[in-house]
Each structure stands twice: as C-alpha cells, then as structure tokens.
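Q: Sequence first, then the predicted structure, then my questions.
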Amino acid sequence: MKTYSFIGSDKNSGKTTAFNYIYRELQQNRQPRSICLSSIGINGEDVDSYEGVKKPHIDLLPGSCFITNCVHLAGHTGKYETLLNLGRPFFSKNYIFGRSLLEMQMVLEGPNSGSEVRLVKQHIAPFLRDDDIFLIDGSIDRQFLAKPEISDGFYFSVLFTKRPPQFQKSCDFLHMISLSPCSRQVHQAIAKNLSNKTKSLLFTDPNRLAYHGKTIVSHDRELRKQCESIARQKGFLYMKGALTRSLFEFLAPFSELQVILDNFTLYLNITASQHQGIEFRPTIVLFHPVVIKAVFIKQETDFDLSLLPPEVAAGNLFREIPYEG
C-alpha cells in the first residue's frame, strides 16, 4: 500500500479539507481498490476542542477502510465490519481497523506516535494490496508523519494570514519543504556507510569518511571536535537527528561545510524568528528528497507565489481555484 499524510503550517490551515478533497477525488477516479483513512489525534469532530471553531466532517463512503479509537464507533452498529482489533499491550489505546458498509460520518483517531503508526501499517498490510492507499490526517505538531519510513509522500496545507508570526511560520515551512536533495555522489557515499546505529557521518570529501557517529547528534561532543578540526576545509556532514538550536548556532560559522539532513522534518526546529542576527553559512540539503503530492492554500492575505515549491501542483480549495494534480 501507499501511505500519504496531510500536514500543515498552522492550526486550521485546511488539512482536513484537503484530506476530504483527496479522498473524494480518489473515490471518483476509482484509482485504488481500497482506501484506508486514519488520523493523528482526533479529527472529524463538530467543533475544534482547542479553538472552539467548527471543523469539517469526515464522511466515509461504503467500502472504505478506517482506523479509529473504538470509543468513536458508538452509534455506528451495523454500519461497519471489524477487520482487526489493535489494542493493548502493543498500542496505547484500543483501535479498530474496519470497513464501512454504509455511508457514515466518522470521527477518526489513530495512533499518536511514529512507532505506533509504523506498527499499525505492519498490522493492516495483509488486508491491503500494493496499489491501495492509506491516508493519514495530521496535526500541526506531528510533522514526523512526513518521514520517509512512514509516508511515501504528503500533502501540505499552508495558511497565509495577516498575523506576522503565522505568516512567517508559513514562509519557514515552505522554505523547509523546498530544500534540495544532495548530489548523487554524496548520496552514494552516505548510503555506503549507513548502518542501523548511524546518527552522523562526517566526510572531508565524498570518498573519505572522517567520523562515524553513533551518539545522538545533539549530544555528540566528539562530532563537534571533528567538525572543528576541519573548520576551514570542505566537508560534508550527514545528520540523522534534528538540527537543534544549539547545533544551528555551533555550525553557523562553517562556511565550507555542507549539512545533509536525513529528511526535511529534521529542520523543523529552525525558524527565522528563532535565529535573527545569526548567519548560517553552511548549505543545507537532504538525503531523502521531499515528496510533495500537492500544496493546498488557505489565503487570508496576499503572498508571493514564488514562495511555493516549484513544479508542485497547488490549489486554493477555499477560493474555488481548482487543484490540478
């Protein structure tokens, strides 16, 4: 099965609207035999419990699969069949993997951690074919959904508002998902040296490994020493860990260094507002390229179209601008 997640730049950026739109489009086009829907946290309730605003419903069509907390199935007796129980001790809550028999308005609540999402995928895989699709509605603080070990691609909802902090956050997110992949030569060098324990790799050139770190990157003192030892040389630093504020500040002066993040979600801790006045001189690229299926815009103010990732389908579901996937 293919897994696609829905992430966004802010709360109420339109993730669930995009989720519903893509679900309906897939159903109309009859692309996969089966579609499975789930969510990180709770989605599909009438009112946002945090902000008190109305939220879009999630309407399951007959034949669609779903994963949700069993508490949300009260009142749906006879409308679905249970395919699998996903409960303790492997999961923190009791979830049902089911298939709708009738059209039903559903509140989705799936596992809330990366490890449980990966475990869910293992459990439901025997019920789905390779070309079936698993859609996961995300939340603002669960960007790990877009990691390559969880999702084959993602849909991004971006909010452009007149509020400066939120507008800046959107710009930062768009910059993050527009990061370029590393060169083929560097990619091959990293892949050759990767192991399950790898946290960092430091090269003085793609064919010369200077350091192989197996300690969490933000805690690896030896890595910092090795970086300082080649401060004026050309270098390539692969990191399978977040570019934290302290690492950002440490690496900022290394103008000859290329930082290769394993995937774009590791850049999430960095925003322009956090690091005003600090010039980050290394270049930042990615080991795993960003796989964006489409960008959906929720527009409350004008913005520069050049902010959007090039060559990515985009649409505004709130101003009736069609998405062309």
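A: Received it, and whenever you're ready, just let me know what you need.
Q: distance of residue 74 from residue 219?
A: Taking C-beta to C-beta, to the nearest Å as the measure, residue 74 and residue 219 are separated by 46 Å. No exception for glycine: its C-beta is placed from N, CA and C like everyone else's.
Q: Same check on residue 203?
A: Taken as C-beta to C-beta, the span from residue 203 to residue 219 is 21 Å.
Q: neighbour-wise, which of those two wins?
A: Ranked by neighbour count (other C-beta atoms under 10 Å), residue 203 and residue 219 place residue 203 first, with 22 against 10.
Q: and the more buried one, how far is that from residue 229?
A: Remark: distance between residue 203 and residue 229 (C-beta to C-beta) = 13 Å.
Q: Quick check: phi and psi on the residue nearest the centre of the chain?
A: Geometric centre of the chain, nearest residue: residue 146, 2.2 Å, by C-alpha atoms, centre = their mean. With angles defined as degrees, to the nearest 10, residue 146 sits at phi -80, psi 0.
Q: Ignoring the adjacent residues along the chain, who's closest to it?
A: Closest residue to residue 146 apart from its sequence neighbours, by C-beta to C-beta, 6 or more residues apart in numbering: residue 154 at 4.4 Å.
Q: For the one you found, list each beta-bridge partner.
A: residue 5, residue 292 (DSSP bridges).
Q: got the contact list for it?
A: 4-7, 145-146, 291-293 (C-beta atoms under 8 Å, 6 or more residues apart in numbering).
Q: Would you mind checking these for buried ones?
A: Buried members of the contacts of residue 154, counted by 16 or more other C-beta atoms under 10 Å: 4-7, 145-146, 292-293.
Q: For the stretch 51-200 of the chain, give me the ranges with low pLDDT.
A: 51-55, 140-142 (pLDDT under 70).
Q: What segments of it are helices?
A: In the stretch 51-200 of the chain, the helices defined using DSSP state H, counting those that start in this stretch lie at 114-124, 164-176, 184-193.
Q: for this protein, longest helix please?
A: Using DSSP state H, we find that the single longest helix of the chain is helix 15-29.
Q: Give me the contacts around it.
A: Contacts for helix 15-29 (C-beta under 8 Å, 6+ apart): 4, 6-8, 32, 35, 37, 43-44, 55-56, 58-59, 61, 64, 133, 135, 137-139, 155, 157, 293-294, 296, 317-318, 323, 325.
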